[in-house]
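Participant: One predicted model, sequence on top.
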Amino acid sequence: MNHLLLLQAAAAETVPVVADQAAAVQETSYFQLVFAKNSLWIIIPLLLMLAFAIYLFVQKWLVLNRASKEEYNFMNNIRDFIHDGKLDSALSLCKGNDTPSARLVGKGLSRIGRPLDDIRTAVENEGSIEVGRLEKGVSSLATIAAVAPMLGFLGTVVGMVSAFHNMAADPNNFNIGTLSSGIYTAMITTVAGLIVGVIALVFHNLVVSKISNVVYMLEVRTTEFMDLLHENV
């Protein structure tokens with residue numbers, strides 16, 4: 001009978017504690033969870049990575065949009081100038097268009113008078129340089145997409161280790177509320193890492209797709225230019 005009374009008393013004391021902990025959990029906002037003191041050492045680097053990924057994406061997207069634009073009838077005007085023997089006018093047209101395709105054609109025009117193989121080599125080398133410029137910074141997006149989830153997972157593992165260490169250090173004051181609080185605080189870093197990783201991966205794929213379109217356009221312009229030179233041989 002005494003044991004039963006003791007159990008009932010313990011249960012009566014536990015219920016308010018659990019209720020208070022549940023109320024505290026419900027009152028915790030997402031902002032407080034994300035910027036919890038224990039997870040800031042992971043959240044801050046992740047936020048910096050996200051900001052850098054957004055900056056890279058916007059910068060590359062603007063550059064690629066400019067690179068994909070071309071003056072109307074650009075190649076037709078180049079063809080007319082070459083047929084009329086106006087190489088200086090053709091070069092001036094290329095210099096007036098600040099695009100990869102214009103620089104590529106301009107490099108070929110500057111080599112006219114040399115063997116066609118030399119001209120093709122010069123054009124292809126210029127194309128490789130332009131592609132290298134377009135791809136600059138893309139690897140950083142891939143790195144962020146790969147590192148961010150791993151960094152978030154690292155924060156979760158460290159948080160779990162800390163929660164269980166605290167439980168082992170003071171087993172007499174252990175309760176499930178304290179443990180669960182430590183666990184979900186630690187899990188926030190994994191969620192944040194995955195979000196940053198997914199965004200960076202989407203940015204990377206969009207930029208790579210855009211670069212592929214520009215590279216295709218450069219290949220088309222190279223073929224058109226070399227065919228144009230063969231017409232005049």
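Facilitator: Thanks, I have the structure now.

Participant: Just give me the longest helix of the chain.
Facilitator: helix 176-231 (DSSP state H).

Participant: got a list of contacts for stretch 91-109?
Facilitator: 66-67, 69-71, 74-75, 77-78, 81-82, 87, 90, 110, 119, 122-123, 125-127, 130, 133-134, 214, 217-218, 221-222, 225-226, 229 (CB atoms under 8 Å, 6 or more residues apart in numbering). All C-beta spots, glycine's among them, are computed from the backbone N, C-alpha and C.

Participant: re earlier: and the longest helix of the chain, how far out from the chain middle?
Facilitator: Mean-position distance between helix 176-231 and its chain equals 5 Å (CA atoms, centre = their mean, to the nearest Å).

Participant: what does stretch 151-160 give?
Facilitator: Mean-position distance between stretch 151-160 and its chain equals 22 Å (CA atoms, centre = their mean).

Participant: try stretch 93-104
Facilitator: Using CA atoms, centre = their mean, the offset of stretch 93-104 from its chain centre is 29 Å.

Participant: Tell me which helix or strand in the chain has the weakest average pLDDT.
Facilitator: Of all helical and strand segments in the chain, the minimum by mean pLDDT, DSSP states H and E falls on helix 2-27, at a mean of 44.

Participant: I'd like to know which of the contacts of stretch 91-109 are buried.
Facilitator: Neighbour-count burial (16 or more other CB atoms under 10 Å) applied to the contacts of stretch 91-109 gives 67, 74-75, 78, 81-82, 90, 119, 122-123, 126-127, 130, 134, 214, 217-218, 221-222, 225-226, 229.

Participant: what does the model give residue 74 for pLDDT?
Facilitator: As predicted, residue 74 sits at a pLDDT of 84.

Participant: what residues are up against it?
Facilitator: Residue 74 makes contacts with 93, 97, 101-102, as judged by CB under 8 Å, 6+ apart.

Participant: so where is this structure shaky, pLDDT-wise?
Facilitator: Applying pLDDT under 70 to the chain flags residues 1-39, 165-166, 169-171, 173-182, 184-185, 232-233.

Participant: quick one: which of the contacts of residue 74 is most hemmed in?
Facilitator: Counting neighbours by other CB atoms under 10 Å, residue 101 comes out on top of the contacts of residue 74 with 26 neighbours.
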